[in-house]
Each structure stands twice: as C-alpha cells, then as structure tokens.
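[1] Sequence and computational prediction follow.
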Amino acid sequence: MLRGIAVLRRLTEAGHDGTLSLSRLEKATGLARATVDRVTATLAHMGYVRLDGRDVTLAPRLTELGNAYLAALRLPDLLSARADALADELDESVSLAVGDRDGVRFIHQATRRRAMSLSFRIGDLLPAERTAPGPLFATEWTETDWRHWHDRRAADPQDRTFPAVPPRDRTPQGEGADDGGDDEGEDFKRRTAAAAADDCSLDDQLIEPGLVAVSAPVRDPGTGRVACVASVVSHTSRHTAEDLRTTLLPRLRSTVALMENDLRTAPPPQPGTPRSGLAAWTTASKHELGREFVESLARGLTVLTAFGEGRSALTLTEVAKATGLARATARRALITHEHAGLVRQNPDHTFTLTPRVLSLGFPPLSRTSLPQIAQHHLTALADRVHESAALAVLSDSGEEVQYTARASTSRVMSAHITLGTRLPAHATSPGRVLLALPEVRSRGYALIDEELEAGLRSLAVPVHDRTGRVVAAVNVAMHAARRTAADCVTEILPPLKEAAAHIEADLRVAGRFRKVPTT
C-alpha cells in the first residue's frame, strides 16, 4: 500500500495535470517497473488514474479520498460561503487553511482572476515559516512540533519538499543553525510571538516578491483552539502588508466572527451511508485481473473512504463495518496509513484522517474543468460509435452554444467543429438540450435532422451537476447517409447516455467542495 501511496504522491507533484510516463514514474518512486505496472493497473481499475499508452494521469474520481477528509472536517461546508463573500466584497483572494505538522495546507480557495493571480490550490502544502497562517498555528505547537520543524529545515533548506512554492537559496549558517539559530528561524519565532499577542499575522513577500497576506484565526467554539486560519491575499501593486493590516484586517475579523458563530450554531452532522460492497468488489477484481491487481492497495485506499460527514472519528470496528473488511485487514490498513501520516489514532482509540490525505492527487485535480473531465469520455465515445463527439455549454446570452471539448473519428468524412465555435442554440442538438425545450425534457434527448446543415444529423443529451442542474450537453454528430434518425436513437443514444453518466459521476466527485468551471 505504501508503494501505491508513493505513486499517487509523485503524480500529484508532477505538474498541473498530474501526468507522468511509466518510465519517469519508475525513476521518481524508485520502484521496479513491474511494481509500477501492477500499482498503476490497480489504480486504473479503481478509477483513480487513467492509462494512456505509456502515460499515467490522475483521474477525477481520486478526489473522493480528499473529499472524505474535507467532509469529515466539515469546515469547508460550514465556512466556504463566508470566504467567498469576503473575496467578492474585497475583490481579493481569500483562503482557508489548516495546520499540517510544520506546514500549512489549504482547504478552500476563493481566487480572483487577474493577470497576476494566485496559483495555490486546495490541498497545496506550504512551509509554515513562509506564510501568514503559519505563526498562528505555531502558537499552539508543542516542543515536539518545534523540534520537527527544526529538523525539517535543516534537512531541506531550499524547501524542495514543498512543490507548491518556489525553492529558495537558503542554507543553514554554521553550527546550531538546525536548531533555529539562523536569522530566518529567529524571525519566525518572533512572528509567532507577535501572532499570539495580536491574534493576527502578516506575510510580507515571504513566499515570493509581490505577494502579501494577512491572516486571522478561526477558533473552535468548544476548545478555543485554532480550527483553521482565514487569509486575505493581495499583491504589492494593490496593497502593502501594513496596508492589509489597517484596511482589510477589520473586515477579515468581522468575517471570522461570523465564521465562529457558524461553528457554534451548526447542527450536529448527520452521518451519511458509506458505500457498501467495497470489500466484495476488491475480491472480485482480484479474481478478474489476477496478479495485476494489488488487492491490499485497493483495500487500503478503500479504508479512507469510510470517513466523511458525521464520521470524523471511527473505531476499528466501525471502519471494518463501513468497508466490509475483516477487522484484521482494516487494522493493518489503518496502521499503514498512520505510518504514512494519513491517519491519526486518538487517545480514545478512534481514528481520524489528517490533512495529508489531500496530498493524494487533490491539488492538481482541484483545478480540473468540465472540458478536462469530459475529454476522456468523449474520446471513448467517439471510438465506440465511430462518429465525432463534443461537449457544449450555453453562452451568457443564452442564444448560442459554445463547444468546449471534442473528440473526432478517423472517417474520411466526419463532423468537425473547432473548439470555441459558437452556433445558434435553437438550431443545434446541444442547444435544444440546454434551452430545456418541453419536448426535450420529456424524452431526455434532442435530435437535429439536417436543420443546421444539409446531410448533418446530431443527437445530444444533458449533463447534470451534483445539484441536478443541466450545465452542459454531450452530442454525437454524423452524416445523414450513415444512419437514419431512428437508427440514431437505437444505436447512438444508449452509448451517448452512458458517456454523459460517466461525465456526471466524475463531475459529482470533483465538484463536492468547489465549483467546477464549465469552460
């Protein structure tokens, strides 16, 4: 299982799209090629990665692991609307973060789109000493936490283990530097003392030139400890660090007060029902794929999905029941996850997920758009029906459809629509789906028969988001000579609906804690 976790982490660190070739993955993990092949085959069967020739790419379904942590934490559900509203009011980026040992990990981002904008993502990990939230979390560190921080800085002076931030040129200066004797270490301790006194903290271009931030703690109403930290982030072209303190900190504090009241008045979570039959599925998969399927890896990752809203702390028995695994199997998985830093055992013998679960693919996948989600399924659909397939959304005016993803076929003559093309909505099958005409709503699809262009037939079905709202349409277009209108309904409609269902499934999991861009 540790090998599978290593593969997922290397893919997470690979770049914005979470893709590595099998050979590069072999080199990055230090695993034998045969092991990499078995691990990636298992992850692909689980829907967590996709195999495309020699490349391995993170798949949207993997976000269900991070979703389990965020749902159990509850903070994004309870506080993200406040963060979004503050970002709209100030026209600045606002984030929520939790402490992850000696680092800071984001659990929500409300980012402003500008030429100079933030690239941080949900799940990204930053070194505490280079952030505004870091000193606030450090006010609650134990001696063990400080010792771990000293050791990490001595072992990684350039912050190479934090891929979300640019590396820096810093090396410990002489004897005693690894125990906090360097200037930067002393500065962080001073900032931590100031944060304890002021109940706020500043980042004055610590991560990179031009970036400034002010942070305030959101405290748990029951314990008074820092539950998370809210930050307003800006650029020096708009605000200096001190300007953030004087002009924006009061509004941040007001929002934090509302957030703390939300935590105080939130109703108890209602536990959802965990998916059943997971253990049986892994057993069946092992029988189907043989030695290419690593059952221990699949079962181990399944354990993480036992947690969620209303299931933040589970006993061993509860984990075994939720997954259908034997207690001994669940126990081995939990011990391994604890070793990997993904699970923490509490004094009452329950287990909870840690923020480190977000390191398993969540950062790159948290920026995935609907066209990116749909592309794989469109390609599979086009290969299956041997016709061109596309995804379209309704324009802001509501009068046109815009094509945002497509997959072509190898026919001599096929429908070809360039990405970004806009066509009159009423004259296209995706447009009629998106306009929700009564006839389309009743039968669930739209068929255009040579209305837009002579010889062109097009069939489209809706794509719904997790709330049930129609956000896009998937269509298949072909020459009228190849299939009658009736043939389109009997031969094309079933695989078309299946592709739309796959897109919707990915969209539901990818959009659990963020709004997925439709273009």
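    Looks like it came in fine. Given the structure is predicted, the values throughout are model-derived calculations rather than measurements.

[2] For residue 138, list the residues it contacts.
    128, 145, 146, 149, 188, 192, 195 (Cβ atoms under 8 Å, 6 or more residues apart in numbering). In short, each C-beta sits where N, CA and C put it, glycine included.

[3] How much space separates it from residue 260?
    21 Å (Cβ to Cβ, to the nearest Å).

[4] Check residue 384 too.
    To residue 260, residue 384 is 53 Å away according to Cβ to Cβ.

[5] How about residue 421?
    Remark: distance between residue 421 and residue 260 (Cβ to Cβ) = 49 Å.

[6] next one: residue 51
    Counting by Cβ to Cβ, the separation of residue 51 from residue 260 is 46 Å.

[7] now swap in residue 315 and tell me
    Remark: distance between residue 315 and residue 260 (Cβ to Cβ) = 30 Å.

[8] repeat for residue 56
    43 Å.

[9] which of those two has more neighbours?
    residue 56 (26 against 17; other Cβ atoms under 10 Å).

[10] backbone phi and psi for that one, please?
    According to degrees, to the nearest 10, the main-chain angles of residue 56 amount to phi -120, psi 130.

[11] residues contacting it?
    Counting by Cβ under 8 Å, 6+ apart, residue 56 makes contact with 7, 11, 19, 20, 21, 22, 25, 40, 49, 50.

[12] just these now: which is nearest residue 80?
    Nearest to residue 80, judged by Cβ to Cβ, of the contacts of residue 56 is residue 11 at 26.4 Å.

[13] so where's the protein shaky on pLDDT?
    The model of the chain has pLDDT under 70 over residues 114-118, 169-181, 410-416, 452, 454.

[14] domain parsing for it?
    Annotated domains of the chain cover 2-67+271-365, 77-265, 370-510 [automatic domain parsing].

[15] how close does residue 489 get to residue 459?
    Taken as Cβ to Cβ, the span from residue 489 to residue 459 is 7 Å.

[16] Same question for residue 129.
    Separation of residue 129 from residue 459 (Cβ to Cβ): 57 Å.

[17] Now do the host helix or strand of residue 218: which elements does it pack against?
    Per DSSP states H and E, residue 218 falls inside strand 211-219. If you count contacts as 3 or more Cβ pairs under 8 Å, 6 or more residues apart in numbering; DSSP states H and E, strand 211-219 packs onto helix 133-138, strand 201-204, strand 226-235, helix 241-243, helix 249-265.

[18] possible to save those as TSV with distance to residue 330?
    Formatted as TSV, those follow (distance: least, Cβ to Cβ, whole Å):
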stretch	distance to residue 330
helix 133-138	31
strand 201-204	40
strand 226-235	29
helix 241-243	48
helix 249-265	31
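
[19] More neighbours: residue 129 and residue 459, which one.
    More neighbours surround residue 459 than the other of residue 129 and residue 459, with 27 against 22 (other Cβ under 10 Å).

[20] and the more buried one, helix, strand or coil?
    strand (DSSP: H, G, I helix; E, B strand; the rest coil).

[21] need the contact list for it.
    By Cβ under 8 Å, 6+ apart, the contact list for residue 459 reads 429, 445, 446, 447, 448, 475, 476, 488, 489, 492, 493, 496.

[22] give me the number of residues near the closest residue to residue 371 other than its chain neighbours?
    Setting aside the residues directly before and after it, residue 371 is nearest to residue 405 in space (Cβ to Cβ, 6 or more residues apart in numbering), at 3.9 Å. When neighbours are defined as other Cβ under 10 Å, residue 405 has 25 of them.

[23] Parallel or antiparallel, list what pairs with the helix or strand encompassing residue 405.
    Per DSSP H and E, residue 405 falls inside strand 400-407. Each strand that pairs with strand 400-407, with its direction, by DSSP bridges: strand 388-394 (antiparallel), strand 422-424 (antiparallel).

[24] Output the longest one as PDB - backbone C-alpha positions only.
    What follows is strand 388-394 as a C-alpha-only set of coordinates in PDB (Å, rounded to 0.1, in the frame of the first residue of the first chain):
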ATOM      1  CA  SER A 388     -17.400  12.700 -33.700                       C
ATOM      2  CA  ALA A 389     -18.500  13.700 -30.200                       C
ATOM      3  CA  ALA A 390     -18.400  17.000 -28.400                       C
ATOM      4  CA  LEU A 391     -19.300  18.900 -25.200                       C
ATOM      5  CA  ALA A 392     -21.100  22.200 -25.400                       C
ATOM      6  CA  VAL A 393     -22.300  24.900 -22.900                       C
ATOM      7  CA  LEU A 394     -24.800  27.700 -23.300                       C
END
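
[25] starting at the chain centroid, how far to that strand?
    Remark: strand 388-394 is offset 24 Å from the chain centroid, using Cα atoms, centre = their mean, to the nearest Å.

[26] next one: the last one
    In this view, strand 422-424 has its centroid 32 Å away from the chain centroid, taken as Cα atoms, centre = their mean.

[27] got the buried residues for it?
    Residues residue 423 are the ones in strand 422-424 that count as buried (16 or more other Cβ atoms under 10 Å).
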